[in-house]
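Chemist: Mind looking at a prediction? Sequence and model below.
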Amino acid sequence: MEEKYIKFYQSFHKGFQGKKSNSLFKTSQLQRKANYKNGEQDGPQEEYFEDGQLKLKGYYKEGNLIESENYDEDGSLKDGCYKEYFEDGQLLSELNFKHGTQEGLMVVKSSEGKLLFEGFFKNGKLQDSNILDTVNGEMLIVKANALTYMINTKHPFTGIAEYFRDNTIIAVKTFFQGLLYGELDLSEIEPVWGTYIETLWQKTQEEIEDIYVYHNDKESKFLSIRGEVEGSFKSYYANGQLESKENYFNRKPHGLFEYFDEEGTLVESKTWENGLLVQ
């Protein structure tokens, strides 16, 4: 069975303790503004489309959503089923609204079709949801305010989450005040960092991107963290033929290592476990 989990490499803040939080699109257009009290969302919240049109208007009290209205880009209240798709036609999300209020099933999927989130809304409030991922009993969940939290905490998550499958790193995501800020998806053919919002945390994001670097050239493909290999490492001959396949976990050799000649024939294999050669 595949083992999927997250390792929280670093959390920068316990949560946003100030009174106001503003997020901007890269065009400097206001994306979201909200109010906080004692680390919990409290008071009015507004979100906007990139052209400045109002997208969402809500009100929170002590972290709980009291009421909300969702709008289309033409200014009308959302009503009915709304679906978004990836460029290849794969379903990204499905949301349902009734007179501007989220109602019924909400589903979010990855580009591979993996279910990332499933929740049920009633009168705009999240009633129940499936958990995104877990790590040693710690969990990331999306609450009714659409922000990401570590379970049993009051504050939106800010920091780095490393995603693993069978002891191989598959993605790195950064969160700022509960919003997905940046992502390096190692399942892509040519992984590159992508960012979704721009705030005062941009400098921190740039520093993180200098730490998590994906190397992709004719000679090799691999992720380095602070200059050390993590996850899958592949090297190639000048003719493009695969030369070696290795895997690293916590920066140590872990798993099957295979070496090939220039014709693609396997010539040597080794098995490592946590930095120790076992076979």
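Modeler: Sure, I can see it.

Chemist: tell me, what residue is most central in this structure?
Modeler: The residue at the geometric middle of the chain, judged as the C-alpha nearest the mean C-alpha position with C-alpha atoms, centre = their mean, is residue 173 (4.4 Å).

Chemist: Please give the element, helix or strand, for residue 247.
Modeler: Here residue 247, judged by DSSP states H and E, is contained in strand 242-249.

Chemist: quick one: low-confidence parts of the stretch 51-200 of the chain?
Modeler: Regions of the stretch 51-200 of the chain meeting the criterion pLDDT under 70 cover residues 63, 115-117, 127-146, 151-153, 197-200.

Chemist: which residues of it fall in helices?
Modeler: Secondary structure of the stretch 51-200 of the chain (DSSP state H, counting those that start in this stretch): no helices present.

Chemist: mind checking how far the nearest residue to residue 183 once chain neighbours are set aside is from residue 119?
Modeler: Nearest residue to residue 183 in three dimensions, chain neighbours excluded: residue 173, at 4.9 Å (C-beta to C-beta, 6 or more residues apart in numbering). (Each C-beta comes from the backbone N, C-alpha and C, glycine too.) Plainly put, residue 173 is 19 Å away from residue 119 if you go by C-beta to C-beta, to the nearest Å.

Chemist: ditto for residue 228
Modeler: Look at residue 228 and residue 119: by C-beta to C-beta, they are 38 Å apart.

Chemist: more neighbours, these two?
Modeler: It is residue 119, of residue 228 and residue 119, that has more neighbours when counted by other C-beta atoms under 10 Å, with 20 against 11.

Chemist: Show me what that one is bridged to.
Modeler: Note on residue 119: beta-bridge partners by DSSP bridges are residue 106, residue 129.

Chemist: was I right about it contacting residue 102?
Modeler: No. With contact defined as C-beta atoms under 8 Å, residue 119 does not reach residue 102; the gap is 9.5 Å.

Chemist: what about the closest residue to residue 273 other than its chain neighbours, how many residues close to it?
Modeler: Spatial nearest neighbour of residue 273, chain neighbours left out: residue 254 (6.2 Å); criterion: C-beta to C-beta, 6+ apart. Look at residue 254: counted by other C-beta under 10 Å, it has 20 neighbours.

Chemist: For residue 254, give its distance to residue 184.
Modeler: Following C-beta to C-beta, the distance that separates residue 254 from residue 184 is 20 Å.

Chemist: do the same with residue 173
Modeler: Separation of residue 173 from residue 184 (C-beta to C-beta): 8 Å.

Chemist: Please apply the same query to residue 210.
Modeler: Using C-beta to C-beta, one gets 12 Å for the distance from residue 210 to residue 184.
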